[in-house]
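K.L.:
One predicted model, sequence on top.
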Amino acid sequence: MSDFSPVYARRILLVSLVSVGMGFTVLFPVLAPLGREIGLSEIQITTIISASGLIVFLASPIWGRKSDVWGRKRVMLIGIFGVALGTALFTSVLLTGLTGMLTGTALFFALVAARMLHATVMAASMPAANAYMADITDAANRTKGMGAAGAANNLGSILGPAVSGLAVISLLAPLWIMAAVAFLNALFVWRFLPEPPRHRSPVRPPRLKYTDPRILPFVIVGVLMFTGMGIVQQTMGFRMQDALGLSAADTAQAVGLAMMLSAGCSLLAQAVIVQRLNIAPFTLLRLSMPLLIVAFVLMATTTTQMWLTLAMGVLGLGMGLAGPGFMAGASLAVPPEEQGSVAGVAGSCGPLGFTIGPLTGGALYQLAPELPYALTAGMYGILFIAMFWLAGRVTEHAD
């Protein structure tokens, strides 16, 4: 591996992560109005995402460990091809709902099954990508490396909702396009991304647990943050459609615009603030918390498109600071031979949040539209206070 170039590998990885970000976010603006169009309730729509989030939560640690054994590139390819094929499968089931071939309970269970199959393989991509970034960065540059990976992913998160704007032509058009883009991305990775040098230990390390004291502070903060994010991404479509009286296509456009702003602010935080300032990982998490509280207070108290969109921007800025801190902090807490394992565990915190968030948010939204956001703002307030205690338990592995 003497001819391995970290600079070249980093560029290829970041280009690939743009497409991965698109694949993960293109569905969110269209699913709420599309679900209502085919006769699903709010709780059924959010259950579909929660079920897939649960699968990703369970599968991510497994794929992370597999990347330690099989190699980062191979597991990334499994995940990206999974995004392509899974998106095509899920979209095909949605098509049966729009045409009336499947309806009611049969349609709901078919969508859940398709999304869970999709999630099982899709879950391989991010743990392998994050472990890859850890392999090609040293401890001093780990936070910036994770920030760059997050920035690339967020650029994709801007483009994904932008593609969802094609819902004015057909509600399914954005999903078919994304399936094709993901397939081309898989071919790109297969052709150009080199396998990084492997870190091997003479003794196989034990399976990393969520309760491992080295990473527990990051797990607690990460799960709660992503729970709030899961609540927003699966209820904002309902919030905008109901508050503004929009049609299904107009809702997809409005939510897509808000998500683009959110991803843009996150990109700003990760590509500019994190890259220019040397801030400790857990300090980034603490700085993000007041921004997240403000965002959820705005979502709970405002009902105009301008203020709801602005709230999404503040949310993106907060998550843009939190993401690199979360991933880099967990990565730095363990030695090189456990990078795949920690990437899998840390990478599963988001899916766990996206399992809890949509279910909780959907149920609370049916009680009162502002309730999911008000309770989340309160939860983040308590978490912000607790973080001063958690910070004392943060450790960093010495290479």
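P.N.:
Nice, I can see it.
K.L.:
how would you label residue 209: helix, strand or coil?
P.N.:
coil (DSSP: H, G, I helix; E, B strand; the rest coil).
K.L.:
mind listing what it touches?
P.N.:
For residue 209, the contacting residues are residue 345, by Cβ atoms under 8 Å, 6 or more residues apart in numbering. All C-beta atoms are positioned from the backbone trio N, CA, C, and that covers glycine.
K.L.:
Looking at it now. What's its pLDDT?
P.N.:
On pLDDT, residue 209 comes in at 82.
K.L.:
Please apply the same query to residue 161.
P.N.:
73.
K.L.:
helix or strand for it, which one?
P.N.:
helix 142-164 (DSSP states H and E).
K.L.:
again, but for residue 260
P.N.:
Using DSSP H and E, residue 260 falls within helix 248-268.
K.L.:
CA-only coordinates of the helix holding residue 161 in PDB, if you can.
P.N.:
Extracted as PDB, the C-alpha positions of helix 142-164 are listed here (Å, rounded to 0.1, in the frame of the first residue of the first chain):
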ATOM      1  CA  ARG A 142      -9.800  13.600  12.900                       C
ATOM      2  CA  THR A 143     -12.500  16.300  13.700                       C
ATOM      3  CA  LYS A 144     -11.700  18.100  10.500                       C
ATOM      4  CA  GLY A 145     -11.900  14.900   8.500                       C
ATOM      5  CA  MET A 146     -15.200  14.000  10.000                       C
ATOM      6  CA  GLY A 147     -16.400  17.500   9.400                       C
ATOM      7  CA  ALA A 148     -15.400  17.200   5.700                       C
ATOM      8  CA  ALA A 149     -17.300  13.900   5.400                       C
ATOM      9  CA  GLY A 150     -20.300  15.500   7.100                       C
ATOM     10  CA  ALA A 151     -20.000  18.500   4.700                       C
ATOM     11  CA  ALA A 152     -20.000  16.300   1.700                       C
ATOM     12  CA  ASN A 153     -23.000  14.400   3.000                       C
ATOM     13  CA  ASN A 154     -24.800  17.600   3.700                       C
ATOM     14  CA  LEU A 155     -24.100  18.900   0.200                       C
ATOM     15  CA  GLY A 156     -25.900  15.700  -0.900                       C
ATOM     16  CA  SER A 157     -28.600  16.600   1.600                       C
ATOM     17  CA  ILE A 158     -29.100  19.900  -0.200                       C
ATOM     18  CA  LEU A 159     -29.200  18.200  -3.600                       C
ATOM     19  CA  GLY A 160     -31.600  15.400  -2.400                       C
ATOM     20  CA  PRO A 161     -34.500  17.800  -1.500                       C
ATOM     21  CA  ALA A 162     -33.700  19.800  -4.700                       C
ATOM     22  CA  VAL A 163     -34.300  16.600  -6.700                       C
ATOM     23  CA  SER A 164     -37.600  16.200  -4.700                       C
END
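K.L.:
got the angle for that helix vs helix 248-268?
P.N.:
Here helix 142-164 runs at an angle of 160 degrees relative to helix 248-268 (axes from the mean of the first three to the mean of the last three Cα atoms, to 10 degrees).
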